[in-house]
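**Q** this one's sequence-less:
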């Protein structure tokens, strides 16, 4: 029952990501707010604990192994596409994955979420008034947000490397400093609670990168 429920949530997140992102991107032309593309790199630190069913041995083993817990740390890269509903709130679609080639421990996720900007103008906005073009260009922005992600976690126990699918729910805080009208530097940190078929997890992510108004 738990496995079926987790898989349904996982597939639902993936489906929404696949179909909703293109639809929202098509509607951006009707908005005065430019969408924001972000590219970031950082680290994901995941603490996990196996559930009892994931640690069972094969049929030839007389005694099932005890559930294990542990942690992984992996270098990640992320691409995010953000669409502004107004000048203080946005929706985003996000993909993140391990880029380290030296470890068997991996983390991959795609999902969506919302940001709330805390200090006024959040997006590059263009308005036309009586034939005059008016642009609002944000400089320093602080924001808080929520995320819902479908994730795949590869983790190593004392005996083997295993893979687990599931979902994560969490939140983040961040800041963007505008270098010029369209480019910026972005720093973000988030904490996410994950539930998988084999594991439960807590994921801390810290990332730094750049932004570009499209």
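**A** That came in fine, so what should we check first? Values in this document were obtained by computation on a predicted structure and should not be read as measured data.
**Q** show me where this protein has helices.
**A** 2-26 (DSSP state H).
**Q** by mean pLDDT, flag the weakest helix or strand of the chain.
**A** Scoring the helices and strands of the chain by mean pLDDT, DSSP states H and E places helix 2-26 at the bottom, with a mean of 80.
**Q** off-centre distance for that one?
**A** 13 Å (Cα atoms, centre = their mean, to the nearest Å).
**Q** packing partners for that helix?
**A** strand 69-84, strand 89-98, strand 106-117, strand 140-156, strand 161-178 (3 or more Cβ pairs under 8 Å, 6 or more residues apart in numbering; DSSP states H and E). Placement of C-beta: from N, CA and C, glycine included.
**Q** okay, buried residues for the first one please.
**A** Buried residues in strand 69-84, counting neighbours by 16 or more other Cβ atoms under 10 Å, are found at 72, 74, 76, 78, 80, 81, 82, 83, 84.
**Q** look up phi and psi at residue 85.
**A** phi -80, psi -40 (degrees, to the nearest 10).
**Q** any idea how far it is from residue 134?
**A** For residue 85, the distance to residue 134 (Cβ to Cβ, to the nearest Å) stands at 20 Å.
**Q** show me which of those two is the more surrounded one.
**A** Comparing residue 85 with residue 134 by other Cβ atoms under 10 Å, the one with more neighbours is residue 85, at 14 against 10.
**Q** how close does the spatially most central residue of the chain get to residue 39?
**A** Note on the chain: the residue nearest the mean C-alpha position is residue 94, at 4.9 Å, using Cα atoms, centre = their mean. Using Cβ to Cβ, residue 94 is found at 11 Å from residue 39.
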